[in-house]
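# predicted model, plus sequence, below.
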Amino acid sequence: MENELDLVEVPEIDLPAEGEEDSTDWKAKAEEYKALAEKNYGIGKRFKTKLDKVAAPKEQPPVDKSVPPPAPKAEEAKLDRADKAYLLGFGVKAEDFETVEELLKETGKDLDSLIGSSYFKNVLKEKQEARASQEAIPSGSKRGVGSQKEKADYWLEKGELPPADKPELRKQYLAERLRREGGGKRGGF
């Protein structure tokens, strides 16, 4: 040990023989022993802790070779050819492979347990439905929210003038209204 400490020995108590009167001041003895114990207690405790650390053998868990290596980390979850073939066998389309990789990262599960989960099935179904509805809309069409408001017929049916910030639409509205009401004759108003 690095520092040799002076340990104080506690003197033995002399007890009076039988029949003799005890003249010992027990209160003073108790105080003395208490002071010695407090002094030695901290030192002893530190030495015991050091001894326990040195004496305790460092145990390493036994390596079990029958246990398979850990699954790849969630960040490293990439699908290889075998995984893709496996997914195709379950009816997952190639367009959904990216979704599968995202779910593998998100959940931390392996591919087998992911495919069996209802969460995976619901997410995949939502993605497929969204893709199907997007493909159903013809490209180049004006089928969108508010596209009817760009036509004079919409405003004629509504019975209102188009907004003032759209002068070209107002011209179309007036021309169509004149055509419908008076056959294009002037003075119909």
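Arrived safely. Residues are numbered from 1 along each chain as shown.
# residue 79 against residue 98, yeah?
No: Residue 79 lies out of contact with residue 98 (C-beta atoms under 8 Å); the separation is 9.2 Å. Bear in mind the C-beta positions are built from the backbone N, C-alpha and C, glycine included.
# more crowded one of those two?
residue 79 (16 against 11; other C-beta atoms under 10 Å).
# per-residue pLDDT, that one?
Per-residue confidence for residue 79 comes out at a pLDDT of 86.
# please apply the same query to residue 171.
Residue 171 is given a pLDDT of 90.
# also residue 85?
With respect to pLDDT, residue 85 scores 89.
# could you say which helix or strand holds it?
Per DSSP states H and E: residue 85 is located in helix 81-89.
# residue ranges with poor pLDDT in this protein?
1-16, 36-44, 47-48, 51, 54-77, 139-147, 183-189 (pLDDT under 70).
# what's the first helix or strand after the helix or strand containing residue 100?
Per DSSP H and E, residue 100 falls inside helix 97-107. Using DSSP H and E, the helix or strand that follows helix 97-107 in sequence is helix 111-116.
# ok, back up a step: just the residues contacting the helix holding residue 85, thanks.
By C-beta atoms under 8 Å, 6 or more residues apart in numbering, the list of residues contacting helix 81-89 from outside reads 79, 94, 96, 97, 100, 111, 115.
# tell me the one of the residues you listed nearest residue 29?
residue 111 (76.7 Å; C-beta to C-beta).
# how is the chain carved up into domains?
Using automatic domain parsing, the domain parsing of the chain gives 74-135, 149-182.
# pipe those domains into TSV and attach distance to residue 27 per row.
Listed next are the domains of the chain as TSV, based on distance: least, C-beta to C-beta, whole Å:
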stretch	distance to residue 27
domain 74-135	67
domain 149-182	101
